[in-house]
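> A structural model of the following input is requested.
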Amino acid sequence: MRRLTARILRSALVIGLLLTPVACGEPEKGKVTIMVPWSDTEFRAFYTVVKNFEHDHPGIDVEPQVTRALNQQLDAAVAVGAKPDLAVLSSVGAIAKYRKYMQRLDVDTSAYVQPFRGLGMSDGHVYAVPVKADVKSLIWYDARSTPKPASSVTALRSNSGHWCLGLLSGPTSGWPGADWIADILLADAGVKTYTDWASGKAPWHEGAVKEAWTAWGDLMGHAVLKNAPSLGFRDVIRGMLRKKCSLSHGALSTMAFRSAEVSDDQYTYVTLSSDTLQVSADFVGRFTEGNKSADEFIRYLASTEAQQTWVKQPGFALSADHNVTTYDNTTQGRIAAMLRSSRYTRCFSAADAMNPDVSAAFYRAVLDYANGFESPPSLLAALDKVDDELGYPRKHRLPALCSSPNSP
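You can find the predicted model right below:
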């Protein structure tokens, strides 16, 4: 009898142990993987948004996968069937490239201004959400020691000024020069020529594109170009702070300023044009099906609440949501207001709109030109060939890269 009782007790104990996780265990959390290109301050700002989401959604864990070579990593993940739930796409070209892998989103983007809203849509459906925006058409200077720069390319070329320029940026080194060239073309040649070039319908080796490239080279000068390939794009601001150079071009988020240094009476800006802006954004798209936690997180990222939290973090992020109007830094807020203003036609960065392979060739050409390896005519002729072979077919239709005048 004692043996029988012992066997019964042991069996009961085993059954109890097997049933315990079901009866008393914590419910399994939902998991969301997201591939992001941000580091340092940019990542910390994003992670604050993540932690706020997890606090409000205790049943969901968000797992960022950080990489500076996002396109290459995403290519590899897609190839082996190990796609992240979500991924940041930092160009219009990347959205076009990965569109066939992306899932339709149940997200309301009507609060976003154009062209940000339309670039994430296809056939009337949303596939990518712009979560972080930038204005690139800015010239920075120290108001305490540098006269206010002219707001035109022609006037800038006729005035002396020591430019800060760094082209080093890992696998995308060269992009600051590409942004400069695109900005000059947009300001001088207008929206139609700009969009024709960005979509592969205008040649590189002649006309306005060639003139923009030459204007940039003349503006920078040999000495600045020679040093630029070995300088990080953010490192140049240290030179500005030390008075080694006085003028810099680019988005506020790419500048290594502290918030207290950015103000009307310290480091401030002028725009290169009175009516056009070169802009950019980081979009988030969904690459897996059936993960309701991923759906919940991407809806949160698109919300005014999350966007307002994001722009108040260090890193000078901007939002294209017209309801986000509160910025702790006045200069940052004024730049963000340009995204909502009917005064400006906003055009996405040309390199961002190109096929990623063409963009990579563009960046390489900028570096080769700065290094003195090749002259503009040969580089531009080579880029025409790359565009013909690797660019989008002429019949391929990209979303509208520019907002219409007075568009919301």
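> where does the residue lying closest to residue 312 once chain neighbours are set aside fall, phi/psi-wise?
Distances taken as Cβ to Cβ, 6 or more residues apart in numbering place residue 328 nearest to residue 312, at 5.7 Å, with adjacent residues excluded. Placement of C-beta: from N, CA and C, glycine included. Main-chain dihedrals, residue 328, degrees, to the nearest 10: phi -70, psi -30.
> Can you list the residue ranges for strands in the stretch 1-150 of the chain?
In order along the chain, the stretch 1-150 of the chain carries the following strands (DSSP state E, counting those that start in this stretch): 30-36, 60-66, 86-89, 121-122, 125-126, 128-135, 138-142.
> Most tightly packed of the ones you listed?
Comparing these by mean neighbour count (mean count of other Cβ atoms under 10 Å), strand 86-89 ranks first with a mean of 26.
> Please state the offset of that strand from the chain centre?
11 Å (Cα atoms, centre = their mean, to the nearest Å).
> That strand pairs with which strands, and in what direction?
strand 30-36 (parallel), strand 276-286 (antiparallel) (DSSP bridges).
> low-scoring stretches of the stretch 1-150 of the chain, by residue?
1-27 (pLDDT under 70).
> again, but for the stretch 251-400 of the chain
394-398.
> how about the strands in it?
Using DSSP E, counting those that start in this stretch, strands in the stretch 251-400 of the chain cover 267-271, 276-286, 345-348.
> for the strands of the stretch 1-150 of the chain, which one sits closest to residue 210?
Closest to residue 210 of the strands of the stretch 1-150 of the chain is strand 138-142 (Cβ to Cβ; 22.8 Å).
> what's the closest one packed up against?
Counting contacts by 3 or more Cβ pairs under 8 Å, 6 or more residues apart in numbering; DSSP states H and E, strand 138-142 is packed against strand 247-249, strand 267-271.
> for the ones you listed, which one ends up most surrounded?
For the helices and strands packed on strand 138-142, the highest mean count by mean count of other Cβ under 10 Å goes to strand 247-249, at a mean of 23.
> what helix or strand does the closest residue in space to residue 227 that isn't next to it in sequence sit in?
Excluding the flanking residues, the one nearest residue 227 by Cβ to Cβ, 6+ apart is residue 165, at 7.8 Å. Assigned by DSSP states H and E, residue 165 falls within no helix or strand.
> Verify the contact between residue 165 and residue 177 for me.
Yes - between residue 165 and residue 177 a contact is recorded at 7.4 Å, counting by Cβ atoms under 8 Å.
> Which neighbours do those two have in common?
residue 228 (Cβ atoms under 8 Å, 6 or more residues apart in numbering).
> May I have the phi/psi pair for residue 245?
Dihedral angles (degrees, to the nearest 10) for residue 245: phi -150, psi 160.
> For residue 143, give its distance to residue 318.
22 Å (Cβ to Cβ, to the nearest Å).
> Show me which of these two is the more surrounded one.
residue 318 (26 against 14; other Cβ atoms under 10 Å).
> what pairs with that one across the strands?
Here residue 318, judged by DSSP bridges, has bridge partners residue 133.
> is it true that it touches residue 134?
Yes - here residue 318 reaches residue 134: they are 6.1 Å apart, a contact under Cβ under 8 Å.
> just to revisit the earlier point, neighbour count winner among residue 165 and residue 177?
Set residue 165 next to residue 177 and count neighbours by other Cβ under 10 Å: residue 177 wins out with 29 against 26.
> Can you give me the domain boundaries for the protein?
30-133+281-341, 138-272+355-390 (automatic domain parsing).
> Turn those into CSV, including distance to residue 404.
Formatted as CSV, these follow (distance: least, Cβ to Cβ, whole Å):
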stretch, distance to residue 404
domain 30-133+281-341, 7
domain 138-272+355-390, 10
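> right, and those - which one's nearest residue 349?
domain 138-272+355-390 (6.0 Å).
> start to end distance for that closest one?
31 Å (Cα to Cα, to the nearest Å).
> who touches residue 319 in this structure?
Counting by Cβ under 8 Å, 6+ apart, residue 319 has contacts 132, 133, 307, 308, 310, 311, 336, 339.
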